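Undergrad: here's a sequence, model it:
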Amino acid sequence: MCSSIYENLPRVTGLSDNVLVAGTSREEHLQTMRATFQRVREHEQRYNLYECCFDMTEVSYFGHVILADGVKPDPKKIVAVEKMASPVKKLELQTILGQASISIDCIKGGYSGQSTKLTCRITGTIVIGITWLRPNGGSPQEVVVCNTANTICEPSGGVTGYSAVIDSRTQVTLTIESFNMAVDAGEWICRDGPRGVPATCTKTTLSGPDSVTLNPSPPASVAEGFSLNVMCAATGCKPLCSYAWTLGNQQISSTSQLKLTNINRSQTGNVYTCTATNSLIPKSKTKQFTLIVYSDHVMVSSPIKTKDTVFTDST
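TA: Modelled structure (predicted):
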C-alpha cells in the first residue's frame, strides 16, 4: 500500500506498507482511525487484519518502540545485533557497518496448494545480497539468494518451489509456487547476507469456508403474518468470511442474517441462498433455504402485538 495515500491526514504516518495512527486521547485516536479507514476505502485498498494492532499504548515500528512518553530502540533488534557473530573478513565487517535497511511484506496469507507472494524492500547499499528464509516449521531455511548487485536471484540449498523477481533495485518479490502450511506458514525472513539484521513478517494460513449451515435448518414452515430470522454460519474461515443472501438474482442482505417480516402466502416456495465468501483466496460456498407458508386462523386482539417466530422443521 502506497504511503502517499495518507498525505494531509494529521497524526498518521505511512512508511513502506506500514501505517502508524496516533492520538493524544482515545476520542482523538478513534476519529483519526475513521479518517484513515475512509482514505483507504477511497483508494480501494485494504489492510491485512492479522497484521494489525489496535488501541495500543506502545508499538514496535521500524526498529523502534514508540511509547506515550517517547521513543526507544526495539529490544528485539538489539538482541539480533548482539547475537551476530564477530566479523572475521572485511566483507563481514562492511555488512555490520553499512548493511542495507530492509523491510518485508507478507502481503496476505497463503492457501494450501495455491501460489502466494512476499516483497522485500531495500534502502541503502546491499553489501552481500538479499537472502530469503522460509519458516520451515520453526527452523528457518534459505530458499532464495540474490547477488550483491541485486540483478540475479537463484534457489538456495536445493530447495525448489520458490522464485524471485527483481522488480527494481530496491524491491524483490518472492513467489511461493504452491503454499505448504508445514514449511511456509509462520515467520518469513529477508536480510542482507547470512548475518544481516533480519526483517520479518508472518505468513498466515488462509482457509475456508469449509461448510455452511443454516439455523433454522431448511425447509421451514411459518404461519402467514409471522416473521422469521435465519442465521447463516460458515466454518473454517481464516480470515472471517463475508456473507450475502439472495433471492433469485437480487441481493436482499449483506450480513449473515436473513430477516423475513410479515410473511404472506405468496412467498411460499421462495428459495433464499446464503453465500459465504473468503475474498482473499477467493473461495465461496452456498446453502439454500426454502420457505413454506401456511395459513394461521388464530385471531389477535387489538392492539396488535409483535408475534414470536414460529416454524416447524420438516427435515
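Undergrad: where does residue 296 land on pLDDT?
TA: Turning to residue 296, the model gives it a pLDDT of 58.
Undergrad: my read is that residue 146 contacts residue 129, right?
TA: Yes: assessed by Cβ atoms under 8 Å, residue 146 is found in contact with residue 129 at 4.8 Å. To be clear about C-beta, it is placed using only N, CA and C from the backbone, and glycine gets the same treatment.
Undergrad: neighbour count: the two, which is higher?
TA: residue 146 (25 against 19; other Cβ atoms under 10 Å).
Undergrad: for that one, give its distance to residue 70.
TA: As judged by Cβ to Cβ, to the nearest Å, residue 146 and residue 70 stand 37 Å apart.
Undergrad: which strand or helix spans residue 46?
TA: Of the helices and strands defined by DSSP states H and E, none includes residue 46.
Undergrad: what's the burial count for it?
TA: 12.
Undergrad: shaky segments in the stretch 151-300 of the chain?
TA: In the predicted model of the stretch 151-300 of the chain, residues 296-300 satisfy pLDDT under 70.
Undergrad: swap in the stretch 1-150 of the chain?
TA: The low-confidence ranges in the stretch 1-150 of the chain, as defined by pLDDT under 70, are 1-4, 14-17, 62, 90-99.
Undergrad: can you show me the strands along it?
TA: 12-15, 18-21, 58-61, 64-67, 70-73, 101-105, 110-111, 116-123, 130-134, 141-146 (DSSP state E, counting those that start in this stretch).
Undergrad: then the stretch 201-315 of the chain?
TA: Per DSSP E, counting those that start in this stretch, the stretch 201-315 of the chain carries strands over the ranges 205-206, 211-215, 220-223, 228-235, 242-247, 250-253, 257-260, 271-278, 283-294, 311-313.
Undergrad: and residue 154, which of those strands is closest to it?
TA: Closest approach to residue 154 among the strands of the stretch 201-315 of the chain (Cβ to Cβ): strand 205-206, 27.4 Å.
Undergrad: SS state for residue 182?
TA: Secondary structure, DSSP: H, G, I helix; E, B strand; the rest coil: residue 182 is helix.
Undergrad: in this structure it contacts residue 139, no?
TA: No: contact criterion Cβ under 8 Å: residue 182 and residue 139 do not qualify, at 11.6 Å.
Undergrad: tell me the domain boundaries of this structure?
TA: What automatic domain parsing lists as the domains of the chain is 3-73, 86-206, 211-313.
Undergrad: how far is the longest one from where the chain is centred?
TA: Going back to what we said before, that points to domain 86-206. From the chain centre to the centre of domain 86-206 is a distance of 20 Å (Cα atoms, centre = their mean, to the nearest Å).
Undergrad: what is residue 155 paired to in the beta sheet?
TA: Taking DSSP bridges as the rule, residue 155 bridges to residue 144.
Undergrad: isn't it up against residue 141?
TA: No: Residue 155 is not in contact with residue 141 according to Cβ under 8 Å; the separation is 11.7 Å.
Undergrad: what's the neighbour count on the residue nearest to residue 33 when sequence neighbours are not counted?
TA: Leaving aside its sequence neighbours, residue 33 sits nearest to residue 21 (Cβ to Cβ, 6 or more residues apart in numbering; 5.7 Å). Residue 21 is flanked by 20 other residues according to other Cβ under 10 Å.
Undergrad: residues touching residue 21, list them.
TA: 11-12, 29, 32-33, 36 (Cβ atoms under 8 Å, 6 or more residues apart in numbering).
Undergrad: kindly report the same for residue 285.
TA: 209-212, 234, 275-276.
Undergrad: now swap in residue 240 and tell me
TA: residue 49.
Undergrad: and it, how far is that from residue 279?
TA: 10 Å.
Undergrad: got the end-to-end distance for stretch 43-57?
TA: For stretch 43-57, the separation between the terminal residues is 28 Å (Cα to Cα, to the nearest Å).
Undergrad: same question, stretch 147-160
TA: End-to-end distance (Cα to Cα), stretch 147-160: 18 Å.
Undergrad: what does it contact?
TA: With contact meaning Cβ under 8 Å, 6+ apart, stretch 147-160 is reached by 122, 126-131, 134, 141-146, 162-166, 169, 172.
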